[in-house]
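Asks: here's my sequence, what's the structure:
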Amino acid sequence: MEKYQKSVLVVDDHAMSVKLLEQILSGEGFDVFSAASGEEAIKIVQDFKPDLVLLDIILAGINGYKTCQVMKIVAPQMPIIFLSTVSDREKGMQVGAVDYIIKPFQMHDVVARVKTHLGIKE
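Replies: Residues are numbered from 1 along each chain as shown. Next up, the predicted model:
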């Protein structure tokens with residue numbers, strides 16, 4: 001397994017989704033952080049500056065759209081990929097996301113998009 005030295009923040013209030021994404025991404029060589037709310041995610045971005053964020057839209061507290069807007073102020077160059085059951089790609093891109101994946105998702109698709117947005121060539 002190659003170690004990419006890149007970190008990914010997974011923001012989702014469904015523990016099973018977080019666990020699955022953590023397993024797959026860490027198995028691919030990424031350092032994975034997680035947050036269950038937008039507020040918690042913003043604090044992690046401020047403190048640790050992950051290389052990429054996978055962000056759900058439906059969250060307790062502030063939603064993913066607002067979370068994305070705040071994160072883009074804190075870390076404007078950090079790529080954010082929405083990963084949600086809400087299929088509003090246009091709104092996601094308007095608030096600053098670089099990509100949008102609809103749940104349910106294929107894990108290989110998530111990994112490929114993460115690598116693409118981090119500039120990792122296979």
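
Asks: can you pull the buried residues of the longest helix anywhere in the chain?
Replies: In the chain, taking DSSP state H as the definition, the longest helix is helix 15-27. Across helix 15-27, burial judged by 16 or more other C-beta atoms under 10 Å covers S17, V18, L20, L21, E22, I24, L25. All C-beta atoms are positioned from the backbone trio N, CA, C, and that covers glycine.

Asks: which residues are in contact with it?
Replies: Applying C-beta atoms under 8 Å, 6 or more residues apart in numbering, the contact partners of helix 15-27 are 1, 8, 10, 12, 32, 34, 36, 54, 56, 83, 103, 107, 110-111, 114.

Asks: for the buried residues of helix 15-27, give me a markdown table that also has pLDDT.
Replies: Formatted as a markdown table, the buried residues of helix 15-27 follow (pLDDT from 0 to 100):
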| residue | pLDDT |
| --- | --- |
| S17 | 93 |
| V18 | 96 |
| L20 | 95 |
| L21 | 97 |
| E22 | 97 |
| I24 | 96 |
| L25 | 97 |
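
Asks: okay if I get these as TSV plus distance to V45?
Replies: Shown next, in TSV, are the buried residues of helix 15-27 (distance: C-beta to C-beta, whole Å):
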residue	distance to V45
S17	19
V18	16
L20	22
L21	17
E22	17
I24	21
L25	17
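
Asks: and of the residues you listed, the nearest to G61?
Replies: G61 has its nearest neighbour among these in V18, at 16.1 Å by C-beta to C-beta.

Asks: mind checking how far that closest one is from P76?
Replies: As judged by C-beta to C-beta, to the nearest Å, V18 and P76 stand 25 Å apart.

Asks: tell me the centre residue of the chain?
Replies: Most central in the chain under C-alpha atoms, centre = their mean is L54, positioned 1.0 Å from the mean C-alpha point.
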